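Engineer: Kindly generate the corresponding structure for this input.
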Amino acid sequence: MEVFYYLVFGGLAAVVAALELGKSGKDRVATPTAFNSFKNNYVLVYSLMMSGDWLQGPYVYYLYSQYGFDKGDIGRLFIAGFGSSMLFGTVVGSLADKQGRKRACITYCITYILSCITKHSPQYRILMIGRVLGGIATSLLFSAFESWLVAEHNKRGFDPQWLSITFSKAIFLGNGLVAIVAGLFANLLADNLGFGPVAPFDAAACFLAIGMAIILSSWGENYGDASEGKDLMAQFKVAAKAIASDEKIALLGAIQSLFEGSMYTFVFLWTPALSPNDEEIPHGFIFATFMLSSMLGSSIASRLLARKMKVEGYMQIVFSISAFTLFLPVVTNFIVPPSEKGSSISFGGCLQLLGFCIFESCVGIFWPSIMKMRSQYIPEEARSTIMNFFRIPLNLFVCVVLYNVNAFPITVMFGMCSIFLFIAAILQRRLMVVSDLHRSIKATEMTAEDEPLNP
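Structural biologist: Numbering: from 1, shown residues only. Sure, this is the predicted structure:
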């Protein structure tokens, strides 16, 4: 493996270690033991849930190919996963608000375990059912757990500012360290120990079962709007009305869809971008480098949130940087000469890899920051429903990209993602303006109420 990869990984590791070890009093918030226990319990469960997800990632495509399916068949399986998340996401989100978020989290575990079991079958129908179950589970993973956390945090009377501490720690571990370890562990099971590509899915099921046991034994139940007689359609109407009547919620949903849509598209594009002429690149090591970059971003986010920096302000910069980094492949395609077929990574590939690491750092900043904004703007009674409404355009976008992945040059796809991220930066600016206006009006009304009446 080239020295370049080690230099990038080592440099990122050194920066992350320096940031974590060099935290000052301003970067740390003193919290009581009760909150620390609550936070640690959630972070443990979230890490187990994410490990169940990350363990599967490196071997999904490879497993399908080992069963003899071609690129088109595999593409349809992936589309089924995103499509089911789009179709069933709002339903399961409403059920989580109505029937309980703890039940929804347990349902996630059961559904994803069943999805893992289907990977033992080489039959296309069974694998398709597994992808549909996986899509439903993904909707629950990215809505039910966060909804439960916010409601339980508020129910226990903790300071709302402390939510950002839990978010940052969960992303740092669950989307960073756990992802790296899961990738290495999956490689150990499948390749080094020779258990084959199904082994990581069995390990994922075990971690999900452990997490479910912790949820059953230590979590309390909480709800959104549990009014008697309110059916799913009524829940949809409440969520749709909240989005339509509050510009802040609509802007937040658009920002989330634009960024996450670009992020998921990047997942499918980074490999051909770094090896357009079949250059030999260490996919697993590069994936670990990306996850380390994400850890760097979450570490930066924890500092920004601890110092009570304005999320709506710094996220404009994050989206702008993201737009620039995903425009790099377009630039390098025109100014850097291509490398020979089958050689090592080109100079243009090196520049893109550095840019992609910066993008992944932006992803690490994005997750706790968007969670913080969602906790501020989305109403509690329909939180899971609204969050899954946000995922409809996201999943639709990814399905369209997957279906037409061979129809457009890769530079066009990256250029499109860059434009979307730039639009997200503009909408983030608008969200800050609207939010500040709302706060000023509210402050004026409170001042007027406090003034004594004229005799």
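
Engineer: any idea where the strands of the stretch 1-150 of the chain begin and end?
Structural biologist: Read by DSSP state E, counting those that start in this stretch, the stretch 1-150 of the chain holds no strands at all.

Engineer: Okay, now the unreliable bits of it?
Structural biologist: 1, 24-28 (pLDDT under 70).

Engineer: Averaged pLDDT, stretch 180-191. What do you get?
Structural biologist: On average, the pLDDT along stretch 180-191 is 85.

Engineer: which residues touch that stretch?
Structural biologist: 50-51, 54-59, 195-197, 199-200, 203, 284, 287-288, 291-292 (CB atoms under 8 Å, 6 or more residues apart in numbering). Backbone N, C-alpha and C define where each C-beta goes, glycine included.

Engineer: same thing with stretch 43-61?
Structural biologist: Stretch 43-61 has contacts (CB under 8 Å, 6+ apart) with 74, 105, 108-109, 112, 116, 138, 141, 145, 166, 169-170, 173-175, 178-179, 181-183, 185-187, 190, 197, 200-201, 203-205, 207-208, 210-211, 214-215, 219, 284, 287.

Engineer: how about the helices in the stretch 301-450 of the chain?
Structural biologist: 311-325, 328-335, 347-377, 383-403, 410-450 (DSSP state H, counting those that start in this stretch).

Engineer: Residue 257 is nearest to which of those?
Structural biologist: Evaluated over the helices of the stretch 301-450 of the chain, closeness to residue 257 peaks at helix 383-403, with 4.4 Å, by CB to CB.

Engineer: For residue 445, give me the pLDDT.
Structural biologist: pLDDT recorded at residue 445 is 68.

Engineer: May I see the buried residues of stretch 187-206?
Structural biologist: Under the neighbour-count criterion of 16 or more other CB atoms under 10 Å, stretch 187-206 has 187, 189-190, 197-205 buried.

Engineer: List the contacts of residue 69.
Structural biologist: Listed by CB under 8 Å, 6+ apart, the contact set of residue 69 reads 77, 124.

Engineer: Which of the buried residues of stretch 187-206 fall in helices?
Structural biologist: Under the assignment DSSP state H, these contribute 187, 199-205 to helices.

Engineer: Tell me the one of these nearest residue 299?
Structural biologist: Nearest to residue 299 among those, with distances taken as CB to CB, is residue 187, at 25.2 Å.

Engineer: and that closest one, how far is that from residue 52?
Structural biologist: Remark: distance between residue 187 and residue 52 (CB to CB, to the nearest Å) = 17 Å.

Engineer: likewise residue 144?
Structural biologist: Relative to residue 52, and taking CB to CB, residue 144 is found at 14 Å.

Engineer: Now for the residue most central in space within the chain: which residues touch it?
Structural biologist: The residue lying closest to the centre of the chain (CA atoms, centre = their mean) is residue 367, at 6.2 Å. The contact partners of residue 367, taken as CB under 8 Å, 6+ apart, are 167, 171, 175, 298, 301.

Engineer: neighbours around residue 406, how many?
Structural biologist: Residue 406 has 9 neighbours, counted by other CB atoms under 10 Å.

Engineer: For it, report the pLDDT, please.
Structural biologist: Confidence at residue 406, expressed as pLDDT, is 70.

Engineer: List the contacts of it.
Structural biologist: Contacts of residue 406 by CB under 8 Å, 6+ apart: none found.

Engineer: again, 10 Å this time
Structural biologist: Residues counted as contacts of residue 406 (CB atoms under 10 Å, 6 or more residues apart in numbering) are 71-72, 75.

Engineer: can you check residue 88 too?
Structural biologist: 95, 132-133, 135-136, 139-140, 388.

Engineer: If we use 6 Å, what do you get?
Structural biologist: Residue 88 is in contact with residue 136, counting by CB atoms under 6 Å, 6 or more residues apart in numbering.

Engineer: mind checking how far it is from residue 211?
Structural biologist: Separation of residue 88 from residue 211 (CB to CB): 22 Å.

Engineer: Likewise for residue 115?
Structural biologist: For residue 115, the distance to residue 211 (CB to CB) stands at 15 Å.

Engineer: Compare those two (neighbour count), which wins?
Structural biologist: Each of residue 115 and residue 211 has its neighbours counted (other CB under 10 Å); residue 115 has more, 27 against 23.

Engineer: Looking at the helices of the stretch 301-450 of the chain, which is nearest to residue 251?
Structural biologist: So among the helices of the stretch 301-450 of the chain, helix 410-450 is nearest, using CB to CB, at 4.4 Å.

Engineer: Who are the packing partners of that closest one?
Structural biologist: When contacts are defined as 3 or more CB pairs under 6 Å, 6 or more residues apart in numbering; DSSP states H and E, helix 410-450 packs onto helix 247-274, helix 311-325, helix 328-335.

Engineer: other SSEs contacting the longest one?
Structural biologist: For helix 247-274, the elements it packs on are helix 232-245, helix 347-377, helix 383-403, helix 410-450, judged by 3+ CB pairs under 6 Å, 6+ apart.

Engineer: gap between that helix and the chain center?
Structural biologist: Its chain's average C-alpha position is 10 Å from that of helix 247-274, according to CA atoms, centre = their mean, to the nearest Å.

Engineer: next one: the second one
Structural biologist: Its chain's average C-alpha position is 16 Å from that of helix 311-325, according to CA atoms, centre = their mean.

Engineer: Distance check, residue 105 against residue 111.
Structural biologist: Per CB to CB, residue 105 is found 11 Å from residue 111.

Engineer: Next: residue 307.
Structural biologist: Distance from residue 307 to residue 111, by CB to CB: 39 Å.

Engineer: So if I had to pick from the two, which one is more boxed in?
Structural biologist: Higher neighbour count among residue 307 and residue 111: residue 111, with 22 against 11, using other CB under 10 Å.
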